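**Student:** sequence and predicted structure, then a few things I'm wondering about:
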Amino acid sequence: MVGGQEESTKTAAIRRTYQRAIVVPTHSLELIWKNYETFETTTAAAAGSAGGPSSAAAARQFGARVIGEQRPRFQAARMAYRERKRKMEGIDTAALPVPPGKGGPNQQEQVKLWKGFLEYERSNPQRLEAAALTQRVDLAYMQALMCLLHFPEVWYDYARWQAESGKGVEQATLCLVRAVAALPDCLLLHFALADLEEAQGNTAAAKEVYEALVKQLEPPPGVLQQQQQPNGNAEPAAAPQPAGGPIASLPPDQHALVWVQYMRFSRRIESINFARRLFIRARKARCPWQVYVASALMEWRIAQQRDVARKIFEKGLEMHDFATTPEYILEYADFLCNIGDIDNARALFERVLIEEANRKSVLLWERYLAFEFEMGDLQSALRLEKRARETLEDSGGAASSNSARNIQLLLLRYQFLDSWACPPYQKQYLMYMMGKGPAPPGFERQRRGGGTLGGSDSGIADGVKAGADDRLAGRWQDGIDGDGSSAEQGIGGRLPQLLERFYMMLPPSDYLDGPMPDLDIVVDALFGMGLTGMAAARNRE
């Protein structure tokens, strides 16, 4: 009896193992299923031989019923395996993880295939239980990240899936920790990690993320203290060198983004006073101009402190780099216009245009003119327009008869937001003429200068003629050998006059928006038309 129980327990354990194996989509799934069918048949036969005829029939029925119940699961696993195999076709699982744009011409296709595979796994094609699905998708992401290590969107999707459908927020946090370790210079992932910690109430952990970033932008404490000490030299102290790190090697606007996000975080979890202290800390580290703008706008919009915001903008103007940065000046001017201080906005433009670098800035003149056309009277705006034209000519611009500059000055009078005082097709043409947009159909942008206020324009007729000349030269160049000699004898370096005249009558190639005929077929058809006989018949008529 004991031996029979042991045999029954062993049979049940083997059956459970087979049933777990037949739902796993692998290349040996067919073989496992055949072995399982053999196992059930053999077990039923052994049970039937141990009893009577009725026992044998019952055993066979039991085996057939079990196989019938497991067959749909096996078929679903087989279908999933075949679909997964199709999804994996073309994916190079042995590709080295390299940053975007450095993986060769097939990198984009590989990224697309991997993302399609991840989306397929998340859709749960096998209808797995939650725990099994989590393991399956987790494995898929690990496989993808072996090749897509430098793609932040894959890391972020992995963390979002963990938080929403996977193992929870803790695993999502660990995923982002791994992400910032793999991509230490990607601020996007650092900020996502800080937001996730803040959303869970872990403000201390979120603060540590920001502190780790700003410490790379600040000079070491000893260096900062030495620079703060007064010295007898008249020369100003040099800008403090940051402590260094992956973030310190990024462009200045990225440094500003770190400070700005940290200030916003401090205001959210503590108060605006902590954001102010952080701004003072950023000033000591010689932060970029964007930090000044963010602090000033925070004072105005949140604390309702216009005077404080104005003082912050003025402090920025005291720095020479900011005083000659058009973007910073325009942010200050926009602030003054938004609070209704029109006189000081006009005074700001006049004050900054004293600097030689600002006098050459087309952007500042455009915004000043737009300001006068909107806020001032027509006579003052026209005087400023004349002044801008003369100043830009003195700085190397074209003559005052430049049509592109004149039309741009006219557009500035009537432009509001993105609305221009002309139909859309004329807007495209005018933007092309001013050098601010692509050429409309039928025009070629060749042998033409820029179209800004300080640029030059050779005229549309000259541009079209130059485009035709270039097309003629390009077509004729195809008939020149590599050594510069003519591919055909007796032509003398130019097309025959009749063909040249005919070619000049043709429209530009980009004017035709549709299917292009095969030139060889067209030429063969022309030769086969018997034009000589047709011309003789016409003459007889």
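**Tutor:** Arrived safely.
**Student:** quick check, residue 439 in a strand?
**Tutor:** No - counting by DSSP: H, G, I helix; E, B strand; the rest coil, residue 439 is not part of a strand but coil.
**Student:** if I look at the residue most central in space within the chain, how far off is residue 119?
**Tutor:** Central residue of the chain (Cα atoms, centre = their mean): residue 153, 10.6 Å from the mean position. Distance, residue 153 to residue 119, using Cβ to Cβ, to the nearest Å: 13 Å. In short, each C-beta sits where N, CA and C put it, glycine included.
**Student:** what does residue 257 give?
**Tutor:** Using Cβ to Cβ, one gets 31 Å for the distance from residue 257 to residue 119.
**Student:** comparing these two, which residue is more hemmed in?
**Tutor:** A count of neighbours by other Cβ atoms under 10 Å puts residue 257 above the other of residue 257 and residue 119, at 21 against 12.
**Student:** what is the burial count for residue 351?
**Tutor:** 14.
**Student:** can you check the one 10 residues further on too?
**Tutor:** The local packing of residue 361 (other Cβ under 10 Å) involves 23 other residues.
**Student:** what do you get for the one 10 residues further on?
**Tutor:** Residues within reach of residue 371, counting by other Cβ under 10 Å, total 23.
**Student:** doesn't residue 333 make contact with it?
**Tutor:** Yes - counting by Cβ atoms under 8 Å, residue 371 does reach residue 333; the two are 7.1 Å apart.
**Student:** overlap in contacts of those two?
**Tutor:** When contacts are counted by Cβ atoms under 8 Å, 6 or more residues apart in numbering, residue 371 and residue 333 are jointly contacted by 345, 349.
**Student:** what separation do you get for the residue nearest to the centre of the chain and residue 79?
**Tutor:** In terms of Cβ to Cβ, residue 153 sits 30 Å off from residue 79.
**Student:** okay, now the unreliable bits of this protein?
**Tutor:** 1-4, 48, 50-56, 222-240, 394-402, 442-495, 507-516, 530-541 (pLDDT under 70).
**Student:** which residues in it form strands?
**Tutor:** With strands called from DSSP state E, the chain shows none.
**Student:** which helix is the longest one in it?
**Tutor:** helix 53-88 (DSSP state H).
**Student:** so which bits of that one are buried?
**Tutor:** If you call a residue buried by 16 or more other Cβ atoms under 10 Å, then helix 53-88 has these buried ones: 56, 59-60, 63, 66-67, 70, 74, 76-77, 80-81, 84, 87.
**Student:** got those residues as a markdown table, with distance to residue 162 columns?
**Tutor:** Converted to a markdown table, the buried residues of helix 53-88 look like this (distance: Cβ to Cβ, whole Å):
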| residue | distance to residue 162 |
| --- | --- |
| 56 | 53 |
| 59 | 47 |
| 60 | 48 |
| 63 | 43 |
| 66 | 37 |
| 67 | 38 |
| 70 | 32 |
| 74 | 31 |
| 76 | 26 |
| 77 | 25 |
| 80 | 23 |
| 81 | 26 |
| 84 | 21 |
| 87 | 22 |
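**Student:** backbone dihedrals for residue 303, please?
**Tutor:** Per-residue torsions, residue 303: phi -90, psi -10 (degrees, to the nearest 10).
**Student:** dump the residue contacts of the spatially closest residue to it that is not a sequence neighbour.
**Tutor:** Nearest residue to residue 303, sequence neighbours excluded (Cβ to Cβ, 6 or more residues apart in numbering): residue 272, at 5.4 Å. With contacts taken as Cβ under 8 Å, 6+ apart, residue 272 has the following neighbours: 298, 299, 302, 303.
**Student:** just residue 301 next, same as before
**Tutor:** Contacts of residue 301 by Cβ under 8 Å, 6+ apart: none found.
**Student:** repeat for residue 178
**Tutor:** By Cβ under 8 Å, 6+ apart, residue 178 lies in contact with residue 155.
**Student:** what about it, distance to residue 250?
**Tutor:** Between residue 178 and residue 250 the computed distance is 21 Å (Cβ to Cβ).
**Student:** then residue 33?
**Tutor:** 56 Å.
**Student:** what's the answer for residue 517, then?
**Tutor:** Residue 517 sits 52 Å away from residue 250, going by Cβ to Cβ.
**Student:** cool, and residue 141?
**Tutor:** Distance of residue 141 to residue 250, given as Cβ to Cβ: 27 Å.
**Student:** which one of these two has more residues nearby?
**Tutor:** residue 141 (23 against 17).
**Student:** wait, isn't that one in contact with residue 118?
**Tutor:** Yes - the pair residue 141 / residue 118 is scored as a contact, 6.6 Å apart, by Cβ under 8 Å.
**Student:** mutual contacts of these two, please.
**Tutor:** Common contacts of residue 141 and residue 118 (Cβ under 8 Å, 6+ apart): residue 154.
**Student:** can you give me the neighbour number for residue 246?
**Tutor:** Number of residues near residue 246 (other Cβ under 10 Å) recorded here: 14.
**Student:** ok, it touching residue 187?
**Tutor:** No - the pair residue 246 and residue 187 does not pass the contact test of Cβ under 8 Å, sitting 9.9 Å apart.
**Student:** excluding sequence neighbours, find me the nearest residue to residue 113.
**Tutor:** Nearest residue to residue 113 in three dimensions, chain neighbours excluded: residue 91, at 4.9 Å (Cβ to Cβ, 6+ apart).
**Student:** how about residue 117?
**Tutor:** Leaving out its chain neighbours, the residue that sits closest to residue 117 by Cβ to Cβ, 6+ apart is residue 87, at 4.8 Å.
**Student:** can you check residue 391 too?
**Tutor:** Once flanking residues are discounted, residue 391 sits nearest to residue 359: 5.7 Å by Cβ to Cβ, 6+ apart.
**Student:** just the terminal-to-terminal distance for stretch 374-383.
**Tutor:** 14 Å (Cα to Cα, to the nearest Å).
**Student:** buried ones in it, by neighbour count?
**Tutor:** Using 16+ other Cβ under 10 Å as the test for burial, stretch 374-383 gives residue 381.
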